[in-house]
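Colleague: Prediction below, plus the sequence it came from.
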Amino acid sequence: MNLTFYKYQGTGNDFVIIDNRKSTLSKNNTKLFARLCDRKFGIGADGLMLLELPQNEDDDFTMVYFNADGNESTMCGNGGRCLVAFAAFLGVIDNTAVFTAIDGKHKAEIKNGLVHLQMQNVSKIEQYDSHLFLDTGSPHHVTMVNNLVSFDVTNVGREIRNGAPYFDKGSNVNFVEKESDGLFSVRTYERGVEDETLSCGTGVTAVALSMHKTKMTDKEEVSVKTPGGSLKVTFKETESGYEDIFLIGPAEQVFKGEITC
Ligand SMILES: N[C@H](CCC[C@H](N)C(=O)O)C(=O)O
């Protein structure tokens, strides 16, 4: 079968995107999706997304996300931003979108070349001596480190991802360093990629909320530098946690291609 695909990246987190509104591909194509994400035998990507028809009347489309291991996974913030850019490219939307992903409904807007993606509210942030744990659409372990630039993200990240209490289900692991008030740097070990990625959108969101929760900043607009580029997170603290959470940043089409599979 000849498959048309699009390659997108959002601050270096890269994705294969397929317009599956005609449902040509079924979601249990785990082997195919893993092959397409393989950086030697396939196109190469951190994840793969299917753009699908909306399932309820006020949606513009549906997002289905797969990690590079080919398994369907939880929400992808950078992926969601790229999918909105793709929907605009196809003319499915103008510059605003409402879509449903595995974690529920999302609103988004493309403004001044950046995609503003509303993330789910976060009502629970677990605080421990060494780290925080929260779910921003995907599970995230957040811990502060010194000398982030030389930190062994892959090995320490892998150990935390597979160890207690995460085990098989796992968690993404974010290592954070404060740069200045309201500005942080993060490097992320991503579950399902099983390696460091250049950026992780739900991870950046988790870091911004964690830094506010632990009073490392009192700003409700936090900039986060990732090895792949900078993102901004805005939010409001309420008595039930954090709401009006937006992940803001660029999303670019790198190339269009065809692959026989
Ligand atoms: N690997 C993540 C999903 C993708 C998250 C990341 N790419 C993002 O931008 O949020 C997980 O399995 O929890």
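Modeller: Cool, got the structure.
Colleague: can you map out the helices along the protein?
Modeller: Ranges of helices within the chain are 30-37, 77-90, 153-162, 201-213, based on DSSP state H.
Colleague: Buried residues, the third one. List them.
Modeller: Spelled out, that is helix 153-162. Buried positions in helix 153-162, judged by neighbour count with 16 or more other C-beta atoms under 10 Å: 153, 157-158, 160-161. For the C-beta atoms, the positions are set from N, CA and C on the backbone; glycine is no exception.
Colleague: tell me which of these is nearest to residue 63?
Modeller: Distance to residue 63, by C-beta to C-beta, is smallest for residue 161 among those, at 23.9 Å.
Colleague: What count of nearby residues applies to the residue lying closest to residue 154 once chain neighbours are set aside?
Modeller: Excluding its sequence neighbours, the residue lying closest to residue 154 (C-beta to C-beta, 6 or more residues apart in numbering) is residue 196, at 5.5 Å. If you count neighbours by other C-beta atoms under 10 Å, residue 196 ends up with 19.
Colleague: residues from this structure in reach of the ligand?
Modeller: Taking C-beta under 6 Å from any ligand atom as the contact definition, the chain meets the ligand at 13, 46-47, 67, 73-74, 76-79, 138, 172, 190-193, 200-202.
Colleague: can you do 5 Å?
Modeller: 73-74, 76-78, 138, 190-192, 200-202 (C-beta under 5 Å from any ligand atom).
Colleague: re the thing from before, tell me which of the helices of the chain is the most buried.
Modeller: Compared across the helices of the chain, helix 201-213 shows the largest average neighbour count, a mean of 28 (mean count of other C-beta atoms under 10 Å).
Colleague: now it, how far from the centre of its chain.
Modeller: 12 Å (C-alpha atoms, centre = their mean, to the nearest Å).
Colleague: what do you get for stretch 218-226?
Modeller: Distance, stretch centre to chain centre, for stretch 218-226: 16 Å (C-alpha atoms, centre = their mean).
Colleague: just to revisit the earlier point, would you convert the residues of the chain next to the ligand into JSON lines that also reports pLDDT and distance to residue 121?
Modeller: Converted to JSON lines, the residues of the chain next to the ligand look like this (pLDDT from 0 to 100; distance: C-beta to C-beta, whole Å):
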{"residue": "73", "pLDDT": "97", "distance to residue 121": "20"}
{"residue": "74", "pLDDT": "98", "distance to residue 121": "16"}
{"residue": "76", "pLDDT": "98", "distance to residue 121": "18"}
{"residue": "77", "pLDDT": "98", "distance to residue 121": "14"}
{"residue": "78", "pLDDT": "98", "distance to residue 121": "20"}
{"residue": "138", "pLDDT": "98", "distance to residue 121": "15"}
{"residue": "190", "pLDDT": "98", "distance to residue 121": "23"}
{"residue": "191", "pLDDT": "98", "distance to residue 121": "22"}
{"residue": "192", "pLDDT": "97", "distance to residue 121": "24"}
{"residue": "200", "pLDDT": "98", "distance to residue 121": "19"}
{"residue": "201", "pLDDT": "98", "distance to residue 121": "16"}
{"residue": "202", "pLDDT": "98", "distance to residue 121": "13"}
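Colleague: can you map out the strands along the stretch 1-150 of the chain?
Modeller: For the stretch 1-150 of the chain, applying DSSP state E, counting those that start in this stretch gives strands covering 2-10, 13-19, 47-52, 61-67, 96-101, 104-111, 114-118, 125-127, 132-135, 139-144.
Colleague: domain ranges for the protein?
Modeller: Per the record, the chain has its domains at 2-116+251-260, 125-249, by automatic domain parsing.
Colleague: how about CSV for the helices of the chain, with distance to residue 181 added?
Modeller: As requested, the helices of the chain are exported to CSV (distance: least, C-beta to C-beta, whole Å):
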stretch, distance to residue 181
helix 30-37, 38
helix 77-90, 23
helix 153-162, 25
helix 201-213, 10
